[in-house]
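# no sequence on this one, just coordinates:
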């Protein structure tokens, strides 16, 4: 039998577990509220099959059953026509929320309205999207093996628990897309500050299996505007990097140019893989980002 944890370690573990348990209901409630602002309709595959939606009339041919003939449409011509319905098939939606330490950044200044951490906003968007997809009858899961795609309301709790449990001590991590099935749709939410080459390789791998989807870059407004002046000490969220300058304002133009270059490269990587790409700021309403995600996924449907 292993030795019991030291008292301090046990207390830390208990506090972490209690904090995670307390965050779960709040995250689910917020995600439900956000999902209710945007409704996601069912998606068909634009081919004949068993479904609810009318697709097209076509001339009847040998083998068609009489019950499928639309007699009202047929009465307007000399031929008989069949009323086809569009196939409605359950799809798989896979989500990847960057667990890196850099995603825990929030640049809100003291005395101003608090902004959520990037990771908090990304988790909220992922769960709201999952709620909408599950309501539409789709199977939803994580891109990693922690939570394979499944249908049903019970999957939502599994996803929320898995997302809250995913956290890395590293400043940046490459996406784990090992559990993404062929023909699935994939959503990646990240600041995309990790090595773009790793992202490019991961997307090329899934694109070769017919996977399509979207990349949403989640940034804090401070990361976009670089509102720093004078003596400033920059430290990475994991604490491994530290940079001090006496004139932070002198770095603003170069920083913004580097950020623009990074965004352009991510956009090109996404385009080559057949993915849509956009950016979202944590200072902006989450509804706008969720609407874009819905629209981008619908536009990329095939």
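Arrived safely, thanks for sending. Here the structure is a predicted model, which means the values were calculated and not measured.
# could you use CA atoms for every contact and neighbour count after this?
OK.
# beta partners of the most centrally placed residue in the chain?
Closest residue to the average C-alpha location of the chain: residue 187 at 3.7 Å, with C-alpha atoms, centre = their mean. Each beta-bridge partner of residue 187 is listed here: residue 95, residue 214, as defined by DSSP bridges.
# quick check: pLDDT value at it.
For residue 187, the pLDDT comes out at 98.
# I figured it was touching residue 98, is that so?
No: look at residue 187 against residue 98 with C-alpha atoms under 8 Å: they stay out of range, at 10.9 Å.
# helices along the stretch 201-302 of the chain, start to end?
In the stretch 201-302 of the chain, the helices defined using DSSP state H, counting those that start in this stretch lie at 221-225, 252-273, 286-299.
# which one of these lies closest to residue 74?
With C-alpha to C-alpha, the closest approach to residue 74 among the helices of the stretch 201-302 of the chain belongs to helix 286-299: 33.7 Å.
# before we move on, back to that, would you mind giving the helices of the stretch 201-302 of the chain as TSV with distance to residue 161 added?
Below are those laid out as TSV (distance: least, C-alpha to C-alpha, whole Å):
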stretch	distance to residue 161
helix 221-225	28
helix 252-273	29
helix 286-299	21
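# with mean neighbour count and distance to residue 125 added, can I get the ones you listed in TSV?
Formatted as TSV, those follow (neighbours: other C-alpha atoms under 10 Å; distance: least, C-alpha to C-alpha, whole Å):
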stretch	mean neighbour count	distance to residue 125
helix 221-225	15	17
helix 252-273	16	20
helix 286-299	17	6
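# helices and strands of the protein: which one has the lowest mean pLDDT?
strand 54-59 (a mean of 58; mean pLDDT, DSSP states H and E).
# which residues touch residue 168?
Going by C-alpha atoms under 8 Å, 6 or more residues apart in numbering, residue 168 touches 99-101.
# now the residues you listed in a markdown table, with secondary structure and pLDDT?
Below are the contacts of residue 168 laid out as a markdown table (DSSP: H, G, I helix; E, B strand; the rest coil; pLDDT from 0 to 100):
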| residue | secondary structure | pLDDT |
| --- | --- | --- |
| 99 | coil | 96 |
| 100 | coil | 95 |
| 101 | helix | 95 |
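# any idea how far residue 180 is from residue 255?
According to C-alpha to C-alpha, to the nearest Å, residue 255 and residue 180 sit 35 Å apart.
# surely residue 231 and residue 246 touch.
Yes: the criterion here is C-alpha under 8 Å, and residue 231 meets it with residue 246 at 3.9 Å.
# and residue 33, which of the three is it?
Assigned state for residue 33: helix (three-state reduction, DSSP: H, G, I helix; E, B strand; the rest coil).
# so what's the residue count around it?
Using other C-alpha atoms under 10 Å, residue 33 has 12 neighbouring residues.
# distance of it from residue 27?
10 Å.
# kindly report the same for residue 288.
Applying C-alpha to C-alpha to residue 288 and residue 27 gives a distance of 18 Å.
# for the residue in the chain sticking out farthest from the centre, helix, strand, or coil?
Most distant from the centre of the chain: residue 78, at 51.6 Å, with distances by C-alpha atoms, centre = their mean. Using three-state DSSP, the structure places residue 78 in coil.
# what's the per-residue pLDDT of it here?
72.
# now do residue 32
88.
# residue contacts, it?
128, 131.
# redo that, cut-off 10 Å
The contact partners of residue 32, by C-alpha atoms under 10 Å, 6 or more residues apart in numbering, come to 26, 124, 127-132.
# from residue 160, how far out is it?
Distance, residue 32 to residue 160, using C-alpha to C-alpha: 12 Å.
# the closest residue to residue 243 other than its chain neighbours: how many residues sit nearby?
Sequence neighbours aside, residue 234 is the residue nearest to residue 243 in space, at 5.1 Å (criterion: C-alpha to C-alpha, 6 or more residues apart in numbering). For residue 234, the count of nearby residues is 12 (other C-alpha under 10 Å).
# anything in contact with each of residue 32 and residue 160?
Common neighbours of residue 32 and residue 160 (C-alpha under 10 Å, 6+ apart) are 124, 127, 130.
# thought residue 30 was touching the second one, still the case?
Yes: counting by C-alpha atoms under 10 Å, residue 127 sits close enough to residue 30 to count as a contact (9.2 Å).
# which of those two has more neighbours?
residue 127 (25 against 15).
# low-confidence stretches in the stretch 151-300 of the chain?
Counting by pLDDT under 70, the stretch 151-300 of the chain shows low-confidence ranges at 300.
# from residue 72, how far out is residue 115?
Distance from residue 115 to residue 72, by C-alpha to C-alpha: 59 Å.
# more neighbours: those two, which one.
Set residue 115 next to residue 72 and count neighbours by other C-alpha under 10 Å: residue 115 wins out with 19 against 10.
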